[in-house]
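# show me how the following folds:
(one chain, ligands or ions: 1)
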Amino acid sequence: MGVEEGRFAQATGYAVATPQARNLRDLRHRRFGQPVYVSADHTLGRKGQVAHWEKFNVRLAVVKFADNVMLGYDPADLLLPTRFDVEGLPVFDIHVCELCQAPFSLTQQEQDAHVAPSRCVACLEEA
Ligand SMILES: [Zn+2]
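The predicted structure follows:
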């Protein structure tokens, strides 16, 4: 097996956003190394970065950044990729809820169809 095949095979084992699970909190079957998009801005300079989930520490999900820094976040603030590209790298298509301003990941289907929900799941449920 070639290097590219290996990377692709590995990446496809990780979750992408679905209508039921758009972040790490809602994901039922989590795999260590899951790529996530950090949407929280409580740690300066980390918002919008891609990290990999390592473990849970009480209620925090600990992620590792490309520079090997490890930080804990609310798993709801760690967004799942919309899809993986041909290289196996995660692609994040992030929209912001028009009501509460919470960022959320689009699903591949929504990205392909160019129809994104205008509100996050929590706000849709309240409506
Ligand atoms: Zn919302």
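# identify the residues contacting P90.
A11, Y14, P35, Y37, V50, P81, R83, F84 (Cβ atoms under 8 Å, 6 or more residues apart in numbering). For every residue, glycine as well, the C-beta is placed using N, CA and C.
# which pair of these spans the longest distance?
Farthest-apart pair in the contacts of P90 is A11 and Y37; separation 15.1 Å (Cβ to Cβ).
# closest one to the ion out of the contacts of P90, please.
Checking those against the ion with Cβ to the ion, the nearest one is Y37 at 16.9 Å.
# in its sheet, what does the strand or helix carrying that closest one sit against?
Assigned by DSSP states H and E, Y37 belongs to strand 35-38. If you go by DSSP bridges, strand 35-38 pairs up with strand 50-57 (antiparallel), strand 78-79 (antiparallel).
# nearest to L89, out of those strands?
strand 50-57 (9.0 Å).
# before we move on, the earlier item: and the strands paired with strand 35-38 as JSON lines, adding distance to E125 and mean neighbour count?
Formatted as JSON lines, the strands paired with strand 35-38 follow (distance: least, Cβ to Cβ, whole Å; neighbours: other Cβ atoms under 10 Å):
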{"stretch": "strand 50-57", "distance to E125": "25", "mean neighbour count": "16"}
{"stretch": "strand 78-79", "distance to E125": "18", "mean neighbour count": "22"}
